[in-house]
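Asks: Got a sequence here, can you build the structure:
(one chain, ligands or ions: 1)
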Amino acid sequence: MNENRTALVTGANKGIGFAVAQGLGAIGFTVAVGARDDTRRAEAVARLRTEGVDAFGVALDVTSDDSVAAAATTVERTAGRLDVLVNNAGISGPADDGAQDPTTLDLDVLRTVLDTNVFGVIRVTNAMLPLLRRAPSPRIVNMSSNMGSLTLRTGPVLAAYAPSKTMLNSITAQYARRLADTNVIVNAACPGWVATDFTNFAAPRTPEQGAAIAVRLATLPDDGPRGGFFDDNGVVPW
Ligand code: NDP
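Replies: Numbers count the residues shown, from 1 in each chain. The predicted structure is shown next:
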């Protein structure tokens, strides 16, 4: 069933995104490797191909309207449609020297983080939706974090990063409501605390473990949950 299905993963050149690409590739998806750096993207595509994954590169900077529009054209020309979009690309923003102390927060720090983690997701999603609507069972997965949970309030005080994921969760719910009467299923995922560049590799979970929930949400059945927030253990409180 998965032959000819295509998945675009943003920020797929390393970390959790690369592991999502591996995971979806292993179950038969053609993987569009969204990455902004030409060399890193080519290396990731090559590595996936050596692992037997049908992969192609898509130049993609989620903060650029032009780049995202060109990426949609690349996906359309190469695959004709899109079955899965995993909005994985994300940044923490600077955190040293109290850079994300809310009482002294530089609004440019907040803007930068929101531009990637929230506006980037909207930019990419809206550019890809026409291609997703051509698929029989389209799925969108937004890579969030339990640091965005207003109930849990986990992790250190990070006044740009944590609210960016709270807003990402909220926008996920808005998309799910708007698309409720369509076959497009949208959910948010929390990968757990994963050893990547993002965490200076000082975290207990592997990228593969972090990717698992995204792969699961990307392959939900047609009657699967919509507009939720999930990790490996089930529902994450908002
Ligand atoms: P990494 O820093 O290892 O990877 C981030 C990826 O996002 C890289 O491929 C990076 O590309 C890409 N990226 C960043 N900005 C852009 C941009 N403007 N356009 C395109 N790509 C971009 O992080 P992780 O793999 O750990 O994180 C992936 C996601 O998981 C993020 O959304 C993060 O918030 C989330 N997350 C991670 C957790 C963890 O413990 N690691 C915990 C909870 C959530 P480049 O190489 O070019 O910089």
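Asks: immediately after the longest helix belonging to the chain, which helix or strand?
Replies: Ranked by residue count, the top helix of the chain under DSSP state H comes out as helix 161-178. On the C-terminal side of helix 161-178, the closest following helix or strand by DSSP states H and E is strand 185-189.
Asks: and that following strand, what does it pack onto?
Replies: The helices and strands touching strand 185-189, judged by 3 or more Cβ pairs under 8 Å, 6 or more residues apart in numbering; DSSP states H and E, are strand 139-143, helix 161-178, helix 207-218, strand 229-231. All C-beta atoms are positioned from the backbone trio N, CA, C, and that covers glycine.
Asks: what's the average pLDDT for the first one?
Replies: This means strand 139-143. Across strand 139-143, the average pLDDT comes to 99.
Asks: Just the C-alpha atoms of it, please, in PDB.
Replies: Extracted in PDB, the C-alpha atoms of strand 139-143 (Å, rounded to 0.1, in the frame of the first residue of the first chain):
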ATOM      1  CA  ARG A 139      -1.200  13.300   7.300                       C
ATOM      2  CA  ILE A 140       0.500  16.300   8.800                       C
ATOM      3  CA  VAL A 141       2.700  15.900  11.900                       C
ATOM      4  CA  ASN A 142       4.000  19.000  13.700                       C
ATOM      5  CA  MET A 143       7.000  18.300  15.900                       C
END
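Asks: so how far is that strand off the chain centroid?
Replies: 6 Å (Cα atoms, centre = their mean, to the nearest Å).
Asks: That one packs against which elements?
Replies: On a contact count with 3+ Cβ pairs under 8 Å, 6+ apart, strand 139-143 meets strand 84-87, helix 120-132, helix 161-178, strand 185-189, helix 207-218.
Asks: again with the third one
Replies: Helices and strands touching helix 207-218, as assessed by 3+ Cβ pairs under 8 Å, 6+ apart, comprise helix 15-26, strand 84-87, strand 139-143, strand 185-189, strand 229-231.
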